[in-house]
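Asks: okay, predicted coordinates and the sequence, questions at the end:
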Amino acid sequence: MSSDKRLASVDALRGLAVAGMLLVNDPGDWGHIYGPLEHSAWNGFTPTDLVFPLFLFIVGVSLALALGPKIDRGGEPRALASAVWQRGARIVALGLVLNLLAWWLMSKPELRIPGVLQRIGLCFIVTGTLAVYLRARAQWLVLLALLAGYALMLCVSSLDKIGSIEQLVDTWVLGRHNYEWDAAAGIGFDPEGIVSTLGGLATCLLGLRCGDWLRRGRVKALLMLGLGSAALGLAWSCLQLPLNKQLWTPSFVLWAGGLSALLLVLAHVLIDRKGWPAVGRAFGVNAITAYAGAWMTEVLLEGFGWMQPLYVHGFSWVDRLAGPTNASLAYAIVFVAVWAVIVKLLDRRGWYWKI
């Protein structure tokens, strides 16, 4: 049966994804990181590669839980879609502001336009619009069309970074405003670039369908979908399209989406049904605050030259005792712990920043 009740498991899983973002994005020393806490250099998969897809998947799940009951009650589509567009636009705008802040305070040579929040905002807008205007069967067809169409685009170009459809479009449209820009060669590339956003959208749309099943109590179907999607993605990666987070290949969509669905089932059973503590919930209900606040903290530390002295004076003893990689990890853990305290205090006071 459908329900308007907020699911603690979804907040917890969203929060764990945000905490994971902070952990992998904020090491003390980028030259000393444990392998599982780094993204794959190109093809392949590490635990870190699951963090952003999990968050986008939960964005889709949350849209299903928020919009589904309103649609069932006959909510006016234009009003629902307008609310989705406005919120998505604010998320994109916040991402651009954060990039501008980093460019200004850290004296970056070029202003980056794409980013994590920009991709989240765009996927939020498109997925929310599809949720409002299309029935379930049509949403599944759009998902299949995205996977097939994007796979075809990748297959007719190169699966290497240079020459891929992602790199060609990013260079042509964004130029020097990419995350990576080779001025001498005139080549740009962005892991949150234009074409690979199709893969991100597919992940979010998969989350939308899984969220609808979750609110209707179809947990066994959700479990089977997670297992089947992960298996299909892994098989596809062996036969044709490798797992690649930077290109967000269709095989990566299915693999990461399947794992995300399985985590959703696990969290739902343990937290919502068995009453386990919703670890991560405080991060989940203030996800934007935690992500944006952590970003600004790091930018301020780097921009004003405080990062290096803080790291040296605060964590050099860990380096002496356990080596530079453990010192770098210790900084990241403390960084996450500080923000865990902040969001916990905000949650206790009932302060939630919704943009």
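Replies: Here it is on my side, so go on. The structure displayed is predicted, hence computed values, not measured ones.
Asks: on the three-state scheme, G275 is what?
Replies: Classification of G275 by DSSP: H, G, I helix; E, B strand; the rest coil places it in coil.
Asks: what's the local residue count around it?
Replies: By other Cβ atoms under 10 Å, 9 other residues sit near G275. Any C-beta I mention is one placed from the backbone N, CA and C, and that applies to glycine too.
Asks: equivalent analysis for S229, please.
Replies: Counted with other Cβ under 10 Å, S229 comes out at 22.
Asks: what packs against whatever helix or strand it lives in?
Replies: Assigned by DSSP states H and E, S229 falls within helix 219-239. Counting contacts by 3 or more Cβ pairs under 8 Å, 6 or more residues apart in numbering; DSSP states H and E, helix 219-239 packs against helix 197-215, helix 250-267.
Asks: now those helices in CSV, with distance to T171?
Replies: What follows is those, written out as CSV (distance: least, Cβ to Cβ, whole Å):
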stretch, distance to T171
helix 197-215, 16
helix 250-267, 22
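Asks: quick one: closest of those helices to Y179.
Replies: Among those, the nearest to Y179 by Cβ to Cβ is helix 197-215 (13.6 Å).
Asks: tell me the buried residues in the helix holding S229?
Replies: By neighbour count with 16 or more other Cβ atoms under 10 Å, helix 219-239 contains the buried residues 219, 222-223, 225-226, 229-230, 232-234, 236-237.
Asks: got the CA positions of that helix in CSV?
Replies: Extracted C-alpha coordinates of helix 219-239, given in CSV (Å, rounded to 0.1, in the frame of the first residue of the first chain):
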residue,chain,number,x,y,z
VAL,A,219,10.2,-5.2,-1.5
LYS,A,220,10.7,-8.6,-3.0
ALA,A,221,10.4,-7.2,-6.5
LEU,A,222,12.9,-4.5,-5.5
LEU,A,223,15.3,-7.2,-4.3
MET,A,224,15.0,-9.1,-7.5
LEU,A,225,15.5,-5.9,-9.6
GLY,A,226,18.6,-5.1,-7.6
LEU,A,227,20.1,-8.5,-8.1
GLY,A,228,19.2,-8.6,-11.8
SER,A,229,20.4,-5.1,-12.5
ALA,A,230,23.7,-5.6,-10.9
ALA,A,231,24.2,-8.9,-12.7
LEU,A,232,23.3,-7.4,-16.0
GLY,A,233,25.5,-4.5,-15.6
LEU,A,234,28.5,-6.7,-14.7
ALA,A,235,27.8,-9.0,-17.6
TRP,A,236,27.5,-6.0,-20.0
SER,A,237,30.8,-4.6,-18.7
CYS,A,238,32.6,-7.9,-19.6
LEU,A,239,31.1,-8.2,-23.1
